[in-house]
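Enquirer: When you get a sec, could you give me coordinates for this:
(chains A, B, C and D)
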There are 2 protein chains.
Amino acid sequence: MVTPGHLRRPTLADVAEAAGVATSTVSRAFSRPQRVNHRTREHVLAEAERLGYAPNPAAQALESGRTRTIALLVPDITNPYFSGVIKGAERAAAGAGLTLVLGDTAENPIAEAQLIQRLERAVDGFVISASRLTDDDLLAVAERTSLALVNRATAGLGCVVADYDSGTQQIVDHLASYGHRSFVFVGGPPESWSGARRWHGLQAAARANGMGARRFGPYMPTLNGGPAAADAVVASGATAVVCHNDMLAIGLMRRLAERGHSVPGDVSVVGFDDVFGADFCHPRLTTLAERTEDAGARAVELLVHQVPARQVEGPTRVLPTHLVVRHSTGPVAG
Amino acid sequence: MVTPGHLRRPTLADVAEAAGVATSTVSRAFSRPQRVNHRTREHVLAEAERLGYAPNPAAQALESGRTRTIALLVPDITNPYFSGVIKGAERAAAGAGLTLVLGDTAENPIAEAQLIQRLERAVDGFVISASRLTDDDLLAVAERTSLALVNRATAGLGCVVADYDSGTQQIVDHLASYGHRSFVFVGGPPESWSGARRWHGLQAAARANGMGARRFGPYMPTLNGGPAAADAVVASGATAVVCHNDMLAIGLMRRLAERGHSVPGDVSVVGFDDVFGADFCHPRLTTLAERTEDAGARAVELLVHQVPARQVEGPTRVLPTHLVVRHSTGPVAG
DNA sequence: CCGTCACTGGCAAGCGTTTGCCATTTCTTG
DNA sequence: CAAGAAATGGCAAACGCTTGCCAGTGACGG
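Expert: Have a look, this model is predicted:
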């Protein structure tokens, strides 16, 4: 990986010489348009264009302390749930003229901490999605650099979260409308912040509807977590199941099919996330969609507009969720 | 996004002062271990550790011209096919101590070119997956910076491609073993390099097996491209279909189901890519799996080991593919 | 005992920008 | 028309690190 030596890129000094002005003037022509005479500026810009000048980001960063780069950390790049976050963040970053660095923390708090440390000097701030770090760790990081969180609320930090209160209400209302009198929540990892919020919201909504709600698990939030959960559900005789996420729901439905149970004939299934695949699994999954792209984009915006130290109260942006009704839910059997 | 001012990070000079040596010695203690006395080095390193010193990447980059950063460009971040590439590249980059910048070209050659231009100065090289640029454009880019390609072969450039010759052979053999005497290839975008390779391989394999092969399309390589393709297939009376990619195949199967045709009872369907979702769509899809993570990782390696200008012949790495047989293929009807 | 050399460490010149400050010129304004 | 205020451009000092070059110190061979 070697920069070809035969072509030396033009520098500010080259442009300055060509335009017959000082380097400071050239610099200002770019970064402080109103600080330089209009005609001079035109001339400088023309020369720069002619020479094919482009500023050296490293030099800019060195002087200014800004790299115009931010990092996005996710637990697992291949998890489709995060693809949306990544895309949204990428778009927002590009829109703001920022470069996006991507890091995979491998669902591992240690790796996450190391990655932060490694990148800290190279970026202006971090967007961390579904962080596995403790609140204290996160606050310590925020002490040293800018930080915005997705799907995790930590007091004092900029956060973007999904509106699970309303979303879970929608789920429960939907099940109630089909005549279900109770449901089972198939839980994911106990450390999951969003998992806790989901269960909390479901309970509240169930109470409001006079429905029963039980929690099973924890199970792995993957396809492979499905079979065990399915068996537990079958044994329980539940008529409706709400799963921690779509992957688990799909794995569960597959197992249900293997065991000869019909969805939604025997049992209705609801997921969370509306991941890629939820609308072409079988049956197509009813699930609570989050606006993951928006979440990524909002988090970047939060970062960009973050004001130095003064904000004691990190703003928390709540993004709407909506229930996508497909074919995995139906009237209660009998 | 402001670096908190209250804590100034220690610099080389701080460490030098603390250790009672010159900055050059500290620098060398890090980058040129054998160039400094062992005891001195220990001492310097200890002081650096105590102060929590970390080099400023921008300053390093300014002097050396290396940013230790590479960019990965993909047409669509949310396409699960590229998730593997991204993950592999991220892992390889992290392993080599490099930072990975991610760019989404939105399937658009113009955006791709702009992104390259914008990032060119900030990174040491590019990995471009499924580039939409012309060979000439790519060669021009390679003139100015390091470049490695995934899923695209361009003479003189480092490329990582899947072994479609063998893979398509596997597909055709599989269909032949089920008694199919011919098949239809449902094509994707005409500009797609891999699409061309796939069709080419399928034709050759068909010829070798004495089978008939027709090509339909082009269709959109997405779920939405499926219905039109399905209808064409139905009209043609084909017993087997090979689709440009899994998305198209899944969309096609869905339409087939809507129209009351059974897969694989009436028609067998094969996809390409083995994307996330291919094993839980209905029926589960038989598809040719590529090692996308490996591809991403290999491309990064190619970049890292790239020697200056001399290599006329860019090496092309061919990665194996393998057919994953699931439930969307079966004996020919009748 | 002197010349040669390997080994260490320091000096200082960059790398390409940004920016505080000053000098000059051009406006304003009473 | 003078005096103060903009407006404009240049100078030079950073920013934090790397590296070519030189000097001092011993070790070693002849």
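Enquirer: list the contacts for the closest residue to chain B within the stretch 201-334 of chain A?
Expert: Per CB to the nearest CB, residue A:282 is where the stretch 201-334 of chain A lies closest to chain B, at 3.2 Å. (Glycine included, C-beta is placed from N, CA and C.) Applying CB atoms under 8 Å, 6 or more residues apart in numbering or on different chains to residue A:282 gives the contacts A:253, A:257, B:280-282.
Enquirer: Next one: residue A:243 from residue A:174, what distance?
Expert: 14 Å (CB to CB, to the nearest Å).
Enquirer: Do a quick rundown of the strands in chain A.
Expert: Taking DSSP state E as the criterion, chain A carries its strands at A:69-74, A:99-104, A:125-129, A:146-150, A:158-162, A:182-186, A:212-216, A:240-243, A:268-273, A:286-290, A:316-319, A:321-324.
Enquirer: quick one, which of those is packed in tightest?
Expert: strand A:240-243 (a mean of 30; mean count of other CB atoms under 10 Å in any protein chain shown).
Enquirer: chain center to that one: distance?
Expert: In terms of CA atoms, centre = their mean, to the nearest Å, the centre of strand A:240-243 is set 24 Å apart from its chain centre.
Enquirer: That one close to chain B?
Expert: No: using CB under 8 Å from any CB of the partner chain, we find that strand A:240-243 stays clear of chain B, coming within 13.8 Å at best.
Enquirer: Just checking: what are the partner strands of that strand?
Expert: strand A:182-186 (parallel), strand A:268-273 (parallel) (DSSP bridges).
Enquirer: Put together JSON lines for these, with mean pLDDT on each row.
Expert: Converted to JSON lines, the strands paired with strand A:240-243 look like this (pLDDT from 0 to 100):
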{"stretch": "strand A:182-186", "mean pLDDT": "97"}
{"stretch": "strand A:268-273", "mean pLDDT": "97"}
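Enquirer: Quick check: the residue of the stretch 101-250 of chain A nearest DNA strand C.
Expert: residue A:124 (13.7 Å; CB to the nearest atom of the strand).
Enquirer: typo on my end, the stretch 151-300 of chain A
Expert: residue A:300 (22.1 Å).
Enquirer: can you give me the mean pLDDT across stretch A:321-334?
Expert: Confidence over stretch A:321-334 (mean pLDDT, whole number) is 93.
Enquirer: ok, now stretch A:228-237?
Expert: Regarding stretch A:228-237, the rounded mean pLDDT is 96.
Enquirer: Buried ones in it, by neighbour count?
Expert: Neighbour counts over stretch A:228-237 (16 or more other CB atoms under 10 Å in any protein chain shown) mark A:228-230, A:232-234 as buried.
Enquirer: and what of stretch A:296-310?
Expert: For stretch A:296-310, the buried set under the neighbour-count rule, 16+ other CB under 10 Å, comprises A:296-304, A:306.
Enquirer: related to what we said a few turns ago, what backbone torsions are found at the residue of the stretch 101-250 of chain A closest to DNA strand C?
Expert: Residue A:124 adopts backbone torsions of phi -90, psi -20, taken as degrees, to the nearest 10.
Enquirer: Over to residue A:217?
Expert: For residue A:217, the backbone dihedrals (degrees, to the nearest 10) come out as phi 110, psi -170.
Enquirer: Apart from its neighbours in sequence, what residue is nearest it?
Expert: With sequence-adjacent residues excluded and distances taken as CB to CB, 6 or more residues apart in numbering or on different chains, residue A:217 is closest to residue A:187, at 3.2 Å.
Enquirer: got a pLDDT number for the residue nearest the centre of chain A?
Expert: By CA atoms, centre = their mean, the mean C-alpha position of chain A lies nearest to residue A:85, the distance being 3.7 Å. As predicted, residue A:85 sits at a pLDDT of 95.
Enquirer: and it, what does it touch?
Expert: Each residue near residue A:85 by CB under 8 Å, 6+ apart is listed here: A:72, A:74, A:129, A:150, A:292-293, A:295-296, A:299.
Enquirer: What's the separation between residue A:43 and DNA strand C?
Expert: Using CB to the nearest atom of the strand, to the nearest Å, residue A:43 is found at 17 Å from DNA strand C.
Enquirer: how many neighbours does that residue have?
Expert: Residue A:43 has 17 neighbours, counted by other CB atoms under 10 Å in any protein chain shown.
Enquirer: just residue A:111 next, same as before
Expert: Other residues lying near residue A:111 total 17 when counted by other CB under 10 Å.
Enquirer: ok, it touching residue A:105?
Expert: Yes: assessed by CB atoms under 8 Å, residue A:111 is found in contact with residue A:105 at 5.0 Å.
Enquirer: thinking again about what came up before, excluding covalently adjacent residues, which one is nearest to the residue of the stretch 151-300 of chain A closest to DNA strand C?
Expert: residue A:92 (3.8 Å).
Enquirer: of all the strands paired with strand A:240-243, which lies closest to residue A:44?
Expert: Judged by CB to CB, the one of the strands paired with strand A:240-243 that comes nearest to residue A:44 is strand A:268-273, at 51.4 Å.
Enquirer: who's in contact with that closest one?
Expert: Contacts for strand A:268-273 (CB under 8 Å, 6+ apart): A:81, A:171, A:174-175, A:178, A:180, A:194, A:198, A:239-246, A:248-250, A:252-253, A:256, A:263, A:278, A:285-290, A:292, A:328-330, A:332.
Enquirer: Tell me the buried residues within the residues you listed.
Expert: For those, buried by 16+ other CB under 10 Å: A:81, A:171, A:174-175, A:180, A:194, A:198, A:239-246, A:248-250, A:252-253, A:256, A:263, A:278, A:285-290, A:292, A:328-330, A:332.
Enquirer: Leaving aside the residues adjacent along the chain, what's closest to residue A:284?
Expert: residue A:326 is the one closest to residue A:284 (CB to CB, 6+ apart), at 3.9 Å.
Enquirer: what about that neighbour, distance to DNA strand D?
Expert: As judged by CB to the nearest atom of the strand, residue A:326 and DNA strand D stand 55 Å apart.
Enquirer: related to what we said a few turns ago, out of the contacts of residue A:85, which is nearest to residue B:11?
Expert: Of the contacts of residue A:85, the one sitting nearest to residue B:11 (CB to CB) turns out to be residue A:72, at 28.0 Å.
Enquirer: got a list of what that closest one touches?
Expert: By CB under 8 Å, 6+ apart, the contact list for residue A:72 reads A:85-86, A:89-90, A:100-103, A:126-129, A:296.
Enquirer: How about residue A:30?
Expert: Residue A:30 makes contacts with A:45, A:48, A:55, as judged by CB under 8 Å, 6+ apart.
Enquirer: Identify the residues contacting the helix or strand of chain A with the lowest mean pLDDT?
Expert: Within chain A, confidence by mean pLDDT, DSSP states H and E is lowest for helix A:57-64 among all helices and strands, at a mean of 87. When contacts are defined by CB under 8 Å, 6+ apart, helix A:57-64 is touched by residues A:66-68, B:56, B:58-59, B:61-62, B:67, B:121-122.
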